[in-house]
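K.L.:
Here's my sequence, what's the structure:
(one chain, ligands or ions: 1)
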Amino acid sequence: MLNLLQMLELRLNQTLPIPLEPFFFKYLLLAAIFLIILYKWPLYKNSSIPPSPRKLPIIGNLHQLSLLPHRSLQTLSQRHGPVMMLHLGSRPVLVISSAEAASQIFKTHDLIFSDKPKLIFSEKILYNYNDIVSAPYGEYWRQLRSICVLNLLSNTRIRSFRAVRQEETKLMISNILQSSSSNSSSSVLNLSEMFMKLTNDVICKVAMGRKYSDGREDGGKMFTKLSGDLTEIFTRVNIGDYIPWLAWFTRISGLDAQLDKLAKQADEFLEMVVQEHMDKSKSGNDGMNNNEDHKDFVDVLLAVQKENALGFPIDRVGIKAIILDMFVAGTDTTFTALEWTMSELLRNPRVMKKLQNEVRGIVGNRADVTEDDLVGMHYLKAVIKETFRLHPPLPLPGPRMSRQDVKINGYNIKANTQVLVNVWAIGRDPKSYTNPEVYEPERFLNSGIDYKGNDFELIPFGGGRRICPGIQFAVAVKEIALANIVHKFDWALPHGTKAEDLDMNESAGLTAHRKYPLKAVATPHLGCF
Ligand code: HEM
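P.N.:
Numbering: from 1, shown residues only. Next up, the predicted model:
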């Protein structure tokens, strides 16, 4: 080292017009080394703040995120650890990538992390944070959530919609049967489209009393356009949410105007739905809706409003915001879950066969699988868990926010820090699962691990007090659809595509759909029709 310094000193003295004092030279060199170390040295050498990849001025770490941020974040966390601090623009964002660290967010410090940050999407579309998904933690959120949990998504209410699930599944099965018996190219089914229609129809019927997917004049067209636009807008990142002084970009990029237009369309549609329900109720023309079992969500919410049943008022905006939440949070996620499950089954014929054996063993040649049959289908439940593990529909759920300073893994986290829990990376963590990249439902057969928020290695629905209230709703739709599909048909990929060649890429956006729709060919199973 000393020799190297002396050589450098000699070299510089030969190059520069004035000779350097040896004393000055050494200090110059030491300063340079110090600066290099400071630049190279990761921030986490300061043990009180979480490790952090090197950031650039202004954009912070934004350049390190790809269109599939859960994958880029997994790679970064493999270098920097399961508790890592990024800067998205000027915004510090804590990224959590292990079950242990997630338990600190969702359990140990759940109350501190129960807030949501302000994002332009929520402001414009979700009634200025007046819905459940984006409301700040506090009394208003608690009230809406309790309406949702007690009145809309309770076990009793979910059970009461059993007939809707069965009926819509039956319709899907008859559409599959129709296509499969034609010998034309239409016998290749677009399963993604079918699953989307199924979940949309179930949620429309349950929430608003009827389907809107038929494209009819009275709301159908409006709804179809609205749900397409909502899905599209989820793929857009608003740079102004991360670099506040670039908020003007939201305006010139057209996003601002697009959000305003979408918000107006959504409100017009919901206003029409609520008004229709009120008119029916006034005219006494709401048919069976006096029967608690046949009430849709709008009926229930109007009754809660009228009777002040929960001891606090709920206004019209609150009602519309809750109904909108059911779509925004419920349709895309549930359909995506079905899409990935069927993709994995087509890619893993061994698992498909084993599942078919279980379902056919229980149901036999009866025409329909009923919800009572599902109780004994343990392999089906393992298949669903394994798919949630590898393909959580929300790989990186919307951020939470810390409400006060707190310590995570010994690191100081300041109040108002956004937190992203990388659910996708947690499901593939080799510390929690052996051969994590392999699709193997058997791993859940003799395991108590569930997705209801207590086992942090499997958290597709999040955790803590803001855990998804729609778990049962989503799983009920998924189980009955899946069991019927594998019971009644044998499945193959189109045009002789080999199972291992099925494209499994994800699309960009908050919900990770398949990048390309899932297409397959169905052959009716003898004796099931
Ligand atoms: C497979 C389907 C679904 C998945 C994977 C899913 C996942 C999630 C996740 C990850 C969260 C955020 C939780 C957190 O921050 O910890 C959430 C919140 C929420 N979900 Fe779901 N969800 C699904 C279906 C549904 C359905 C069917 C509904 C309603 C009908 C629903 C309604 C909600 C609501 C209202 C919230 C906000 C809860 C709050 O902030 O208090 N979800 N969901």
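
K.L.:
Who are the contact partners of the residue nearest to Asp110 when sequence neighbours are not counted?
P.N.:
Distance criterion CB to CB, 6 or more residues apart in numbering; nearest residue to Asp110, sequence neighbours excluded, is Gly464 at 3.7 Å. Where C-beta positions appear, they are placed from N, C-alpha and C, glycine not excepted. When contacts are counted by CB atoms under 8 Å, 6 or more residues apart in numbering, Gly464 touches Ile105, Phe106, Lys107, Asp110, Phe113, Ser114, Gly453.

K.L.:
of all those residues, which comes closest to the ligand?
P.N.:
Nearest to the ligand among those: Phe106, at 6.8 Å, using CB to the nearest ligand atom.

K.L.:
mind listing what Phe269 touches?
P.N.:
Residues near Phe269 by CB under 8 Å, 6+ apart: Gly219, Met222, Phe223, Leu226.

K.L.:
now, which of those lie within helices?
P.N.:
Counting by DSSP state H, the part of these found in helices is Met222, Phe223, Leu226.

K.L.:
okay if I get those residues as TSV plus neighbour count and pLDDT?
P.N.:
Putting the ones in helices among the contacts of Phe269 into TSV (neighbours: other CB atoms under 10 Å; pLDDT from 0 to 100) gives the following:
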residue	neighbour count	pLDDT
Met222	18	79
Phe223	25	81
Leu226	20	85
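
K.L.:
Save those residues as CSV, and put in distance to Ala474 too.
P.N.:
Formatted as CSV, these follow (distance: CB to CB, whole Å):
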residue, distance to Ala474
Met222, 25
Phe223, 20
Leu226, 21
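
K.L.:
show me which of those residues neighbour the ligand.
P.N.:
With the criterion set as CB under 6 Å from any ligand atom, no member of these is near the ligand.

K.L.:
Looking at the residues you listed, which one is closest to Gly527?
P.N.:
Nearest to Gly527 among the ones in helices among the contacts of Phe269: Phe223, at 38.6 Å, using CB to CB.

K.L.:
Hmm, the closest one is touching Ile203, no?
P.N.:
No. Counting by CB atoms under 8 Å, Phe223 does not reach Ile203; the two are 11.0 Å apart.

K.L.:
Provide a list of residues in contact with the closest residue to Tyr411 other than its chain neighbours.
P.N.:
Setting aside the residues directly before and after it, Tyr411 is nearest to Pro50 in space (CB to CB, 6+ apart), at 4.4 Å. For Pro50, the contact set (CB under 8 Å, 6+ apart) comprises Tyr44, Gly81, Val83, Met84, Met85, Leu94, Ile408, Asn409, Tyr411, Ile413.

K.L.:
Which positions in the lengthiest helix in the chain come out as buried?
P.N.:
Taking DSSP H as the criterion, the chain has its longest helix at helix 316-347. Neighbour-count burial for helix 316-347 flags 318-347 (criterion: 16 or more other CB atoms under 10 Å).

K.L.:
Can you give me the neighbour number for Asp260?
P.N.:
Neighbourhood size, Asp260 [other CB atoms under 10 Å]: 12.

K.L.:
That one reaches Lys124, doesn't it?
P.N.:
Yes. With contact defined as CB under 8 Å, Asp260 and Lys124 form a contacting pair (6.3 Å).

K.L.:
Now name the helix or strand holding Ala520.
P.N.:
Remark: Ala520 resides in strand 519-524, with elements defined by DSSP states H and E.

K.L.:
Check the gap between Asp373 and Ala483 for me.
P.N.:
Separation of Asp373 from Ala483 (CB to CB, to the nearest Å) stands at 7 Å.

K.L.:
and the chain, which residues reach the ligand?
P.N.:
Counting by CB under 6 Å from any ligand atom, the chain sits next to the ligand at 132-133, 145, 148, 325-326, 329-330, 333-334, 337, 393-394, 397, 460-463, 466-470, 473-474.

K.L.:
how is the chain carved up into domains?
P.N.:
Split into domains by automatic domain parsing, the chain comes to 2-44, 62-524.

K.L.:
pLDDT on the helix or strand where Asp279 lies, on average?
P.N.:
Assigned by DSSP H and E, Asp279 belongs to helix 255-282. Across helix 255-282, the average pLDDT comes to 92.

K.L.:
you'd agree Pro117 is up against Ser402?
P.N.:
No. Using CB under 8 Å, Pro117 is not in contact with Ser402, being 10.1 Å away.

K.L.:
on that earlier part again, only the buried residues of the helix holding Asp279, if you could.
P.N.:
Neighbour count says helix 255-282 has 255-256, 258-259, 262-263, 265-267, 269-270, 273-274, 276-277, 280-281 buried, by 16+ other CB under 10 Å.

K.L.:
what's the helix or strand following it packed up against?
P.N.:
Next along the chain after helix 255-282, taking DSSP H and E as the criterion, comes helix 297-307. Applying 3 or more CB pairs under 8 Å, 6 or more residues apart in numbering; DSSP states H and E, we find helix 297-307 packed against helix 191-208, helix 255-282, helix 316-347.

K.L.:
ok, Pro117 and Ser402, which is more surrounded?
P.N.:
Taking neighbours as other CB under 10 Å, Pro117 and Ser402 compare with Ser402 leading, 21 against 18.

K.L.:
which residues touch that one?
P.N.:
When contacts are counted by CB under 8 Å, 6+ apart, Ser402 touches Leu94, Ile112, Phe113, Asp115, Ile413, Lys414, Ala415, Asn416, Thr417, Val419.

K.L.:
and the gap between the fifth one and Arg403?
P.N.:
The gap separating Ile413 from Arg403 is 11 Å, by CB to CB.

K.L.:
picking that back up, name the residue in Asp373 and Ala483 with the higher neighbour count.
P.N.:
The residue with more neighbours, out of Asp373 and Ala483, is Ala483; 24 against 20, by other CB under 10 Å.

K.L.:
what about the chain, any weak spots by pLDDT?
P.N.:
Scanning the chain for pLDDT under 70 picks out 1-29, 31-47, 183-186, 215-218, 285-293, 309-310.

K.L.:
Now do the helix or strand containing Thr231: everything it contacts.
P.N.:
If you go by DSSP H and E, Thr231 is part of helix 220-233. Helix 220-233 has contacts (CB under 8 Å, 6+ apart) with 121, 125, 200, 204, 212-215, 258-259, 262, 265-266, 268-269, 272, 327-328, 331-332, 509, 511.

K.L.:
Distance check, Asp368 against the ligand.
P.N.:
23 Å (CB to the nearest ligand atom, to the nearest Å).

K.L.:
Confirm that that residue sits in a helix.
P.N.:
No. Assessed with DSSP: H, G, I helix; E, B strand; the rest coil, Asp368 is coil; it does not lie in a helix.

K.L.:
What is the burial count for it?
P.N.:
Asp368 has 16 neighbours, counted by other CB under 10 Å.

K.L.:
likewise Ala522?
P.N.:
Look at Ala522: counted by other CB under 10 Å, it has 21 neighbours.

K.L.:
Also Gln418?
P.N.:
Neighbourhood size, Gln418 [other CB under 10 Å]: 22.

K.L.:
Next: Val438.
P.N.:
Neighbour count of Val438, defined by other CB under 10 Å: 11.

K.L.:
Return the backbone torsion pair for it.
P.N.:
Note on Val438: backbone dihedrals following degrees, to the nearest 10 are phi -90, psi 140.

K.L.:
Kindly report the same for Gln404.
P.N.:
Main-chain dihedrals, Gln404, degrees, to the nearest 10: phi -160, psi 170.

K.L.:
quick one on the thing from earlier: helix/strand/coil for the residue nearest to Tyr411?
P.N.:
coil.

K.L.:
separation between it and the ligand?
P.N.:
Distance from Pro50 to the ligand, by CB to the nearest ligand atom: 20 Å.

K.L.:
now the strands for this structure?
P.N.:
Taking DSSP state E as the criterion, the chain contains strands spanning 83-88, 91-96, 188-190, 400-401, 406-408, 411-413, 418-421, 489-492, 519-524.

K.L.:
what sits opposite the residue nearest to Pro399 when sequence neighbours are not counted in the beta ladder?
P.N.:
Spatially, and ignoring its direct neighbours in sequence, Pro399 is nearest to Gln418 (4.4 Å; CB to CB, 6+ apart). Counting by DSSP bridges, Gln418 is bridged to Val93, Met401.
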